[in-house]
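Colleague: pasted the sequence and its predicted model underneath.
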Amino acid sequence: MTEALAGIRVLDLSAGQALITGNMLAKLGADVVMVESPGGSPTRRYRARDERNGFVWQSLATARRGITCNLASDEGNGLLGRLSQKADIIVTGGDFSGASTPIDIGVLAPEKSPPRSE
(Lines give C-alpha, C1' and ligand atoms only; values in the text may rest on other atoms or scores of the structure.)
Protein backbone atom coordinates (compact mmCIF):
# COMPACT_ATOMS: atom_id res chain seq x y z
CA MET A 1 0.00 0.00 0.00
CA THR A 2 1.35 3.43 -0.95
CA GLU A 3 1.28 5.96 1.84
CA ALA A 4 -0.51 9.22 0.99
CA LEU A 5 2.46 11.49 1.75
CA ALA A 6 5.32 9.22 0.65
CA GLY A 7 8.16 11.33 -0.76
CA ILE A 8 7.11 14.50 1.07
CA ARG A 9 9.83 16.04 3.29
CA VAL A 10 8.74 17.80 6.47
CA LEU A 11 10.86 19.93 8.78
CA ASP A 12 9.16 19.97 12.17
CA LEU A 13 10.05 22.91 14.42
CA SER A 14 7.00 22.53 16.63
CA ALA A 15 6.67 22.08 20.36
CA GLY A 16 3.81 21.54 22.78
CA GLN A 17 0.41 20.84 21.28
CA ALA A 18 1.73 21.56 17.78
CA LEU A 19 3.59 18.22 17.90
CA ILE A 20 0.45 16.49 16.69
CA THR A 21 0.86 18.01 13.22
CA GLY A 22 4.23 16.37 12.55
CA ASN A 23 2.95 13.17 14.10
CA MET A 24 0.00 12.97 11.72
CA LEU A 25 2.12 13.83 8.67
CA ALA A 26 4.60 11.08 9.61
CA LYS A 27 1.82 8.53 10.08
CA LEU A 28 0.57 9.42 6.59
CA GLY A 29 3.99 8.56 5.16
CA ALA A 30 5.91 11.85 5.10
CA ASP A 31 9.60 11.88 5.98
CA VAL A 32 9.49 14.09 9.09
CA VAL A 33 12.63 15.47 10.73
CA MET A 34 11.99 17.02 14.12
CA VAL A 35 14.40 19.75 15.20
CA GLU A 36 15.02 20.23 18.92
CA SER A 37 17.12 22.75 20.79
CA PRO A 38 20.09 21.48 22.84
CA GLY A 39 18.79 19.77 25.95
CA GLY A 40 15.68 18.61 24.12
CA SER A 41 12.21 19.97 23.75
CA PRO A 42 10.50 21.13 26.96
CA THR A 43 7.63 18.92 25.85
CA ARG A 44 9.79 15.86 26.59
CA ARG A 45 9.42 16.55 30.32
CA TYR A 46 5.79 17.63 30.36
CA ARG A 47 3.89 15.43 32.81
CA ALA A 48 6.92 13.16 33.25
CA ARG A 49 6.91 11.17 36.47
CA ASP A 50 10.70 11.00 36.57
CA GLU A 51 13.68 11.95 34.37
CA ARG A 52 12.31 10.01 31.40
CA ASN A 53 10.14 11.43 28.65
CA GLY A 54 6.56 12.19 29.62
CA PHE A 55 3.44 10.60 28.19
CA VAL A 56 2.68 13.51 25.86
CA TRP A 57 6.11 13.21 24.24
CA GLN A 58 5.90 9.43 24.00
CA SER A 59 2.51 9.75 22.31
CA LEU A 60 3.19 12.56 19.86
CA ALA A 61 6.90 12.40 18.98
CA THR A 62 6.69 9.06 17.22
CA ALA A 63 7.24 8.02 13.61
CA ARG A 64 9.86 10.66 12.84
CA ARG A 65 13.57 11.29 12.91
CA GLY A 66 15.12 13.95 15.12
CA ILE A 67 18.13 16.23 15.32
CA THR A 68 19.44 18.84 17.74
CA CYS A 69 20.11 22.32 16.41
CA ASN A 70 21.50 25.26 18.40
CA LEU A 71 19.88 28.30 16.81
CA ALA A 72 21.94 30.60 19.00
CA SER A 73 24.96 29.71 16.84
CA ASP A 74 25.86 30.47 13.22
CA GLU A 75 26.39 26.75 12.61
CA GLY A 76 22.90 25.94 13.88
CA ASN A 77 21.32 28.65 11.76
CA GLY A 78 23.19 27.37 8.71
CA LEU A 79 22.01 23.83 9.35
CA LEU A 80 18.42 24.99 9.72
CA GLY A 81 18.70 26.94 6.47
CA ARG A 82 20.00 23.90 4.58
CA LEU A 83 17.28 21.66 6.01
CA SER A 84 14.56 24.17 5.16
CA GLN A 85 15.70 24.30 1.51
CA LYS A 86 15.12 20.55 1.21
CA ALA A 87 11.71 20.57 2.91
CA ASP A 88 8.35 20.52 1.17
CA ILE A 89 6.54 21.48 4.40
CA ILE A 90 7.78 23.36 7.47
CA VAL A 91 5.76 22.94 10.65
CA THR A 92 6.10 25.62 13.32
CA GLY A 93 4.22 26.31 16.52
CA GLY A 94 4.79 26.37 20.21
CA ASP A 95 8.08 27.55 21.71
CA PHE A 96 11.30 26.55 19.97
CA SER A 97 13.59 27.41 22.85
CA GLY A 98 17.15 28.25 22.06
CA ALA A 99 16.42 30.63 19.19
CA SER A 100 18.12 33.93 19.87
CA THR A 101 16.06 35.62 17.15
CA PRO A 102 12.71 34.78 15.59
CA ILE A 103 12.94 31.90 13.13
CA ASP A 104 12.82 33.33 9.60
CA ILE A 105 13.10 30.66 6.92
CA GLY A 106 10.60 31.88 4.40
CA VAL A 107 7.60 30.00 5.76
CA LEU A 108 5.27 32.94 5.28
CA ALA A 109 6.81 34.05 1.98
CA PRO A 110 7.93 30.88 0.16
CA GLU A 111 8.26 32.75 -3.14
CA LYS A 112 11.26 34.57 -1.64
CA SER A 113 12.91 31.35 -0.44
CA PRO A 114 15.70 29.71 -2.43
CA PRO A 115 14.53 26.90 -4.70
CA ARG A 116 14.38 23.43 -3.15
CA SER A 117 17.52 21.39 -3.76
CA GLU A 118 17.42 17.65 -4.30
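Modeller: Arrived safely.
Colleague: skipping its backbone neighbours, what lies nearest V32 in space?
Modeller: The shortest distance from V32 to any non-neighbouring residue, by CB to CB, 6 or more residues apart in numbering, is to R64 (3.8 Å). C-beta here means a position set from N, CA and C on the backbone, and glycine is covered the same way.
Colleague: tell me the predicted confidence for the one you found.
Modeller: The per-residue pLDDT reported for R64 equals 86.
Colleague: what does the one 4 residues further on give?
Modeller: The confidence metric pLDDT takes the value 90 at T68.
Colleague: the bottom helix or strand of this structure by mean pLDDT?
Modeller: helix 55-60 (a mean of 74; mean pLDDT, DSSP states H and E).
Colleague: pairing partners for the longest strand anywhere in the chain, with directions?
Modeller: The longest strand of the chain (DSSP state E) is strand 31-36. Using DSSP bridges, strand 31-36 pairs in its sheet with strand 9-12 (parallel), strand 65-68 (parallel).
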